[in-house]
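Trainee: with the input below, show me the fold.
(2 chains)
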Protein chains: 2
Amino acid sequence: MLEASPVPIVLVAVLAGAPLPAELAHREATSRILGTALSDGRAHEKLAYLTDRIGHRLSGSAALDRAIAWAARTLREDGLDRVWTEPVMVPRWVRGHEAAAIVAPVERELALLGLGGTVATPDGGLRAAVVEVDGLERLADLGTTVQGKLVLFNKAMGAGLGAEPGYGTVVKLRSEGPSAAARQGAVGMLLRSLGTANFRLPHTGALKYEDDAPRIPAAAIAAEDAELIHRLLAAGDRVEVRLELHAQTLADAASANVLAELTGRERPAEVVLIGAHLDSWDVGQGAQDDGAGCAVVLETMSLLRRLDLRPRRTIRAVLFTNEENGLRGAKDYARRHGGEPHVVAIESDSGGAAPVGFGVEAGPGAVETVRELAAPLAAIGCAHVLDRGGGADLGPLKDLGVPVMSLRQDSTHYFDVHHSAADTLDKVTPRDLDRNVAALAWMAWALAERERPLPTAPPAGAGGD
Amino acid sequence: MLEASPVPIVLVAVLAGAPLPAELAHREATSRILGTALSDGRAHEKLAYLTDRIGHRLSGSAALDRAIAWAARTLREDGLDRVWTEPVMVPRWVRGHEAAAIVAPVERELALLGLGGTVATPDGGLRAAVVEVDGLERLADLGTTVQGKLVLFNKAMGAGLGAEPGYGTVVKLRSEGPSAAARQGAVGMLLRSLGTANFRLPHTGALKYEDDAPRIPAAAIAAEDAELIHRLLAAGDRVEVRLELHAQTLADAASANVLAELTGRERPAEVVLIGAHLDSWDVGQGAQDDGAGCAVVLETMSLLRRLDLRPRRTIRAVLFTNEENGLRGAKDYARRHGGEPHVVAIESDSGGAAPVGFGVEAGPGAVETVRELAAPLAAIGCAHVLDRGGGADLGPLKDLGVPVMSLRQDSTHYFDVHHSAADTLDKVTPRDLDRNVAALAWMAWALAERERPLPTAPPAGAGGD
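Mentor: Numbers count the residues shown, from 1 in each chain, chains lettered A, B, ... in the order given. Reported below is the predicted structural model:
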């Protein structure tokens, strides 16, 4: 039961064997949310505008500015109670011209994308022999023998649901690899693209330079190119690569988070946050990552407004800026709003495929509660609840003890195109987006309506072990 | 029964109820060919050299010259009876720098590959509005309204075995589209790439300029880009594209077919031809198209030689030059050798996936005969025989009445990477290549050994209807 009703009505209803008024309200909300989301869905239309008319939108780009303005305008046009933006300064990294080629023992162009944040190569590019490793441990074993070399991290990501190694494992090579290689004297770092379909498609993503290591240029190359280098090395050849990256990190740029609310009818100060991130990498259209999440959040707000479903607490949409290369939007939000009572924060940031359920990280009993709330979503295949979840943008809130959740999609093909030129609108269907909206709208409404909030987890660092 | 034996032995054998000596020889050959092909296969090693060490090899390129020298050397080292090359002049088309972008109503780079043989765009490139059609008929309907425009042929190829429209249908857009569009006044032609996996991967291939139309520049764009243009046009926008192609057609270059023989023990003048083409497009590695076929033919010859299986007739390997953009090798071969008695010509030119059977175009009864001969290949899944087949290089021989066949592979994923940068060695497994060698070696041996040749078809044009 979601709602506590006035006692006399409850008693009458129970005596009569009829559904409780709260149950009726609950059922009616379910029916209206699912029915309308699935029959009058407008998320794909929103995603089409964002991807086709605005396009990819890296932090600091004019396209991201346009996306922010469009999102705020859309929320206003959709009649939300309060729509506003909050300024955030974000990093501004610009790719520039890039080229790479094997120059010995054969000559071959490499399909590459510099990693987000990489420094440029020295004037005229660099040329060095390649040392291949399959991970950070193997790199450490090599000590300073990688001095003056290009280190290639060549580890194939598992393709398909649950296949190992997953993104969470291999992404360490991308983020930690450049500084690890640099500490041992490498002059550059190459990464076998973190992706699950081999179509000569490089996948970019952020690196992280540590302060104790020189900043060396780093790029992802297509899986096929990593395999070619592997075969040449396995044959005993010295493989030399020429790498040219003209990336620049400019001064921080002005950006913003976009916020909107459906004000709660009884406890307006208590917030159920639903979020996604508006920025993307600078290739493709950022359709799956995370245009889909933005469209689902925008349309969820619009749907609840259209249905005039005003729950007990406030539902707040947040479209974060700069998730991909800085989390500045997430940090700024937590700084400004972390002190407000958030009953839960839910992010959608794993693409626009069919929703399969939710992930929950909160206090004891939270998973069971969400499972119960998700039960009506079984009809659209979205009732599977895991005891882990959240989203990169929710990290700072989670650290403050806010219960966090993720709307989870079928991610079988997500990493086929993630952070690549092939992350485009055609990969996302209206039907799948509509289901995501149904799931998110229902869950947000139910959590905002429910008398008791989700149990909170102990704040980070407060645990007993 | 494959072989006529001296009468007395046949009689003795039949009377004794024992297998005929010919049957024994037949069984022994099957066993030795399959056993060795599957346990001591060297085709992948050959393909690895061709793709990794030589790479793609368009007609007129230095890489094709190296491939020709390597193939002849390999055949000699493998101990074939006769190895030689036959000079052929081939077209020399050079791609040069290419770029394309949507410039209105939004700005987007397009992933493109100029079509093989395209002329360059005018100095400074061209910029024109796009008119989209789904085929040649629809183009014709538009008459001269396409004047001054870029015509986009946007027809998705069916993905998966037998899906419509197949390559044979959509390839007409690539070959005939440029002249058809030019006749109606178009200034350029864009083609949705003929491919079956959408990863922002353009697929090239030859166009054919007709004499009665101006030669306009033509390029394939990635499926995603064609869909983006479609969506913008469907929204009512005028879509303008800037196209820059710096392709050149230079003077014809010297090239060669590579030939080798296992001389027949009884009828050396009669030829069973097994072939593939050594040239490729100028992207990727030409692994599936048609490095795999070359490796299979080379290894088939090597295997029969290693086993000292010398059939009644001569088995001749031909690695044709210039299949992709001219068929000059095929035409030269037919001109030089068309008068020699060919009992059959078999080509392998549909990739390096597992073999599934053969296609046959010959006289009445030929399909049944090949089906019978292929029966022992059921063990490796390669006994399915169709009544159509051959290969582009065999066209001129077929026109002379020579029975033609194709070794057919599972082509489910062939067009995912065909003519693209992703046609690379990693897509081909040693196991599949070994099976192809087993199938081709057995079929070539059986057809060369069989007393009666395959029935010939009436020469082209001699049919009654």
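Trainee: from chain A, which residue is nearest to chain B?
Mentor: As assessed by Cβ to the nearest Cβ, chain B sits closest to residue A:199 within chain A, at 3.6 Å. Where you see a C-beta, it was placed from the backbone N, CA and C, and this is true even at glycine.
Trainee: wait, that residue touches residue B:199, no?
Mentor: Yes - with contact defined as Cβ atoms under 8 Å, residue A:199 counts as touching residue B:199 (3.6 Å).
Trainee: shared neighbours, those two?
Mentor: A:422, B:422 (Cβ atoms under 8 Å, 6 or more residues apart in numbering or on different chains).
Trainee: what residues does the stretch 201-350 of chain A have near chain B?
Mentor: A:201, A:223-224, A:227-228, A:231-232, A:284 (Cβ under 8 Å from any Cβ of the partner chain).
Trainee: among the residues you listed, which lie within helices?
Mentor: Among these, the members falling in helices (DSSP state H) are A:223-224, A:227-228, A:231-232.
Trainee: summarise which helices and strands the longest strand anywhere in chain A is packed against.
Mentor: Ranked by residue count and defined by DSSP state E, the top strand of chain A is strand A:248-262. Where contact means 3 or more Cβ pairs under 8 Å, 6 or more residues apart in numbering or on different chains; DSSP states H and E, strand A:248-262 is packed against helix A:62-77, strand A:82-94, helix A:292-306, strand A:313-320, helix A:328-337.
Trainee: that one pairs with which strands, parallel or anti?
Mentor: Strand A:248-262 has the following strand partners under DSSP bridges: strand A:82-94 (antiparallel), strand A:313-320 (antiparallel).
Trainee: need the CA coordinates for it. PDB is fine.
Mentor: Extracted C-alpha coordinates of strand A:248-262, given in PDB (Å, rounded to 0.1, in the frame of the first residue of the first chain):
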ATOM      1  CA  GLN A 248      43.900  21.500 -26.600                       C
ATOM      2  CA  THR A 249      42.500  22.300 -23.200                       C
ATOM      3  CA  LEU A 250      41.200  25.800 -23.200                       C
ATOM      4  CA  ALA A 251      40.000  27.900 -20.300                       C
ATOM      5  CA  ASP A 252      36.900  26.700 -18.500                       C
ATOM      6  CA  ALA A 253      33.700  27.600 -20.100                       C
ATOM      7  CA  ALA A 254      30.300  28.700 -18.800                       C
ATOM      8  CA  SER A 255      27.700  26.000 -18.800                       C
ATOM      9  CA  ALA A 256      24.600  25.000 -16.700                       C
ATOM     10  CA  ASN A 257      22.500  22.400 -15.200                       C
ATOM     11  CA  VAL A 258      18.900  22.500 -16.200                       C
ATOM     12  CA  LEU A 259      16.200  22.000 -13.500                       C
ATOM     13  CA  ALA A 260      12.500  21.800 -13.400                       C
ATOM     14  CA  GLU A 261       9.900  20.800 -10.800                       C
ATOM     15  CA  LEU A 262       6.500  19.400 -10.300                       C
END
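Trainee: and it, what's buried?
Mentor: Within strand A:248-262, the residues that count as buried by 16 or more other Cβ atoms under 10 Å in any protein chain shown are A:253, A:255-262.
Trainee: now these as CSV including distance to residue A:30 and pLDDT?
Mentor: Conversion of those to CSV gives the following (distance: Cβ to Cβ, whole Å; pLDDT from 0 to 100):
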residue, distance to residue A:30, pLDDT
A:253, 43, 98
A:255, 37, 98
A:256, 35, 98
A:257, 31, 99
A:258, 28, 99
A:259, 27, 99
A:260, 23, 98
A:261, 23, 98
A:262, 17, 98
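Trainee: distance to residue B:424 added to those, as CSV?
Mentor: Output for these, formatted as CSV (distance: Cβ to Cβ, whole Å):
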residue, distance to residue B:424
A:253, 39
A:255, 40
A:256, 44
A:257, 43
A:258, 43
A:259, 47
A:260, 47
A:261, 52
A:262, 52
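Trainee: and which of those residues is nearest residue B:81?
Mentor: Nearest to residue B:81 among those is residue A:253, at 72.2 Å by Cβ to Cβ.
Trainee: please name the nearest non-neighbouring residue to the closest one.
Mentor: Nearest residue to residue A:253, sequence neighbours excluded (Cβ to Cβ, 6 or more residues apart in numbering or on different chains): residue A:60, at 3.8 Å.
Trainee: and what of residue A:66?
Mentor: Nearest residue to residue A:66, sequence neighbours excluded (Cβ to Cβ, 6+ apart): residue A:54, at 5.1 Å.
Trainee: I'd say that neighbour and residue A:65 touch.
Mentor: No - at 9.6 Å, residue A:54 does not count as touching residue A:65 under the criterion of Cβ under 8 Å.
Trainee: which one of the two is surrounded by more residues?
Mentor: Between residue A:54 and residue A:65, counted using other Cβ atoms under 10 Å in any protein chain shown, residue A:54 has the larger neighbour count: 25 against 17.
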